[in-house]
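Participant: need coordinates for the below:
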Amino acid sequence: FKLQLIFSVRILCILLITITCDTSYAQMYFQKLINSPFVVSSLLSTEAEGLYAPRDLDFNTDPDKPNELWVINENSATFDPSFGGSTVTYYNAGTDSQWAEYRKDSYSAHFMHTASAIAFSDNGGFANTLDVQDANGNPNGYFSGCTLWEADTSIYARVNQNGPELGSHWDMLHQSPFSVGIAAETENIYWLFDGYHNTIAKYNFQEPHPDHEHGGEDHSDGLIYRYDEIVVDRVAGLSSHMVIDQSNALLYMCDTGNQRILRVNINAGVINYNLTPYGENIEGYYSMIGAEYETIIDSGLVSPTGIDIHENFLLVSDYSSGEIIIYDIDQLDNIQEIKRLQTGLVEDVMSIKAGPDGSIWYVCTNSGKLYQMLPPIDGDLNADNSLTLADMVLLLSHIINSNLLDQEYHILADMDSNGEIDILDLILVLDYME
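Facilitator: Next comes the predicted model:
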């Protein structure tokens, strides 16, 4: 009987592995992560692979590349003497075959100057913000904003690296100095946290440069909408990340300086008056009126910087404490905090991202590290990330009513997920130990 049970469990595990990226499995995995009594943070990359002051991360939205994770650095890697923001791409992220590739466009000193955030759109492109007053280093200038790139790795940081055009960038608009957050709406439309004007703005690049698709300088079709009714506060050196819930067109954002989370209806608002663009001719630059926005969380946060959405949960990371706070947003008018996950990393965690498998990824800007947060191993009752005799003793003590486990540990003790903790669970622990 024991052999039949073990064989059945192993077959079940194989089936689960084959559907790792299935939505239902990811949801189940995420639920286990937030309901477990403790979590496991696995260090998956360091400065040796090119991380240097990483400020943000995002997964490629190409459905054929579900485990391709991109991290954006504020500057170049320690082994790269040139100045300018850079990226590290992780292929097969979180698997045994994960590998990393460091890249830096030769013109990133301008286009990724003090890179602070990254977001992938649905058209094979991504964009980044620049946490700097002037991307040309002019102390009296204000020429900075957002850069658009194509994620095709045969193009990004490959074409025009020695000219004649300005590297591989797809487009750029320069009306938001000290921009520290970004979210993709669709195609070439992105929302920014504009730290200089203390508000948010929508950037519509429309088509990439009409003069040269990659590396050009013609920004004339750019449209920028600034929502001046929404007042936010940037904190120097910190990102204020943003995410759009595509199911209902709501933008969630960290207002770091005001220690709160805002929610914005991206379909609300009309043009109030024209603004004069700085340093470039574009199709339109407007101040908006009639924005619909509200503060949804204004307590329990010190320095919120990271944010993401997974199913009906909002994830927020607090740079000050290192906590990742989980909120239930299923009811838009009744948001509830349900869990605080501990990283133990104070003043380091800058950004978070829910992975396609339901795990949580985060980058640490000061230590230059990338972590994946995972639920514990089933049966690990003493939190040492392994199955040992000590776990068997704890489980047996519970089964014979000698020393009962706390309720939150039941999810780990119930090895066969049948809702009961019994001798069959003990047999499974023994099998995995062997």
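Participant: what about the closest residue in space to Arg260 that isn't next to it in sequence, how many residues nearby?
Facilitator: Of all residues not flanking Arg260 in the chain, Asp298 sits nearest, at 4.4 Å (C-beta to C-beta, 6 or more residues apart in numbering). No exception for glycine: its C-beta is placed from N, CA and C like everyone else's. For Asp298, the tally of surrounding residues (other C-beta atoms under 10 Å) stands at 12.
Participant: next, count neighbours for Gln407.
Facilitator: 8.
Participant: check it and give its pLDDT.
Facilitator: Note on Gln407: pLDDT of 92.
Participant: hang on, the residue nearest to Arg260 packs against Gln259?
Facilitator: Yes: if you go by C-beta atoms under 8 Å, Asp298 and Gln259 touch, sitting 7.1 Å apart.
Participant: returning to what we had before: phi and psi next, for the residue nearest to Arg260.
Facilitator: Phi and psi for Asp298, reported as degrees, to the nearest 10, are phi -140, psi 20.
Participant: offset the numbering so it begins at 53, please.
Facilitator: Got it, the first residue is 53 from now on, which makes the last one we talked about Asp350.
Participant: show me what contacts it?
Facilitator: 311-313 (C-beta atoms under 8 Å, 6 or more residues apart in numbering).
Participant: just the buried members of those?
Facilitator: Taking 16 or more other C-beta atoms under 10 Å as the criterion, what is buried in the contacts of Asp350 is 311-313.
Participant: columns distance to Pro408 and secondary structure on top of those residues, output as TSV?
Facilitator: Below are the buried ones among the contacts of Asp350 laid out as TSV (distance: C-beta to C-beta, whole Å; DSSP: H, G, I helix; E, B strand; the rest coil):
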residue	distance to Pro408	secondary structure
Gln311	31	coil
Arg312	29	strand
Ile313	24	strand
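Participant: can you tell me which of those residues is nearest Ser369?
Facilitator: Of all those, Ser369 sits closest to Ile313, with 11.5 Å by C-beta to C-beta.
Participant: any idea how far the closest residue to that closest one other than its chain neighbours lies from Leu366?
Facilitator: Leaving aside its chain neighbours, Ile313 sits nearest to Ile349 (4.0 Å; criterion: C-beta to C-beta, 6+ apart). Counting by C-beta to C-beta, to the nearest Å, the separation of Ile349 from Leu366 is 8 Å.
Participant: tell me what the helix or strand hosting Ser369 is packed against?
Facilitator: Assigned by DSSP states H and E, Ser369 belongs to strand 365-370. Using 3 or more C-beta pairs under 8 Å, 6 or more residues apart in numbering; DSSP states H and E as the contact test, the elements touching strand 365-370 are strand 356-362, strand 376-380, strand 401-406.
Participant: packed most tightly, which of the ones you listed would that be?
Facilitator: Most buried of those, by mean neighbour count (mean count of other C-beta atoms under 10 Å): strand 401-406, with a mean of 26.
Participant: can I get that strand in PDB, CA atoms only?
Facilitator: Provided in PDB are the C-alpha atoms of strand 401-406 (Å, rounded to 0.1, in the frame of the first residue of the first chain):
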ATOM      1  CA  VAL A 401      14.200  45.900  -1.000                       C
ATOM      2  CA  MET A 402      13.300  48.300  -3.800                       C
ATOM      3  CA  SER A 403      10.900  46.400  -6.100                       C
ATOM      4  CA  ILE A 404       8.800  43.300  -6.200                       C
ATOM      5  CA  LYS A 405       7.200  41.200  -9.000                       C
ATOM      6  CA  ALA A 406       4.900  38.200  -8.800                       C
END
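Participant: check the average confidence over it, would you?
Facilitator: 98.
Participant: and the angle from it to strand 365-370?
Facilitator: 170 degrees (axes from the mean of the first three to the mean of the last three C-alpha atoms, to 10 degrees).
Participant: run through who's touching strand 401-406.
Facilitator: With C-beta under 8 Å, 6+ apart, strand 401-406 has contacts from 82, 106-111, 121, 169, 290-291, 293, 357-362, 367-371, 374, 376, 395, 412-417.
Participant: can you tell me the element Tyr484 falls in?
Facilitator: Per DSSP H and E: Tyr484 is located in helix 475-485.
Participant: so what does that helix touch, helix or strand wise?
Facilitator: helix 54-70, helix 441-451.
Participant: okay, buried residues for it please.
Facilitator: 476-484.
Participant: quick one, that helix and helix 441-451 angle?
Facilitator: Using the same axes, to 10 degrees: helix 475-485 against helix 441-451 is 180 degrees.
Participant: pull the CA atoms of helix 475-485 into CSV?
Facilitator: Extracted in CSV, the C-alpha atoms of helix 475-485 (Å, rounded to 0.1, in the frame of the first residue of the first chain):
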residue,chain,number,x,y,z
ILE,A,475,0.2,8.4,9.6
LEU,A,476,0.1,8.7,5.8
ASP,A,477,1.6,12.1,6.0
LEU,A,478,4.4,10.7,8.2
ILE,A,479,5.1,8.0,5.6
LEU,A,480,5.4,10.7,2.9
VAL,A,481,7.9,12.6,5.0
LEU,A,482,9.9,9.5,5.6
ASP,A,483,9.9,8.7,1.8
TYR,A,484,11.1,12.2,0.9
MET,A,485,13.9,11.9,3.5
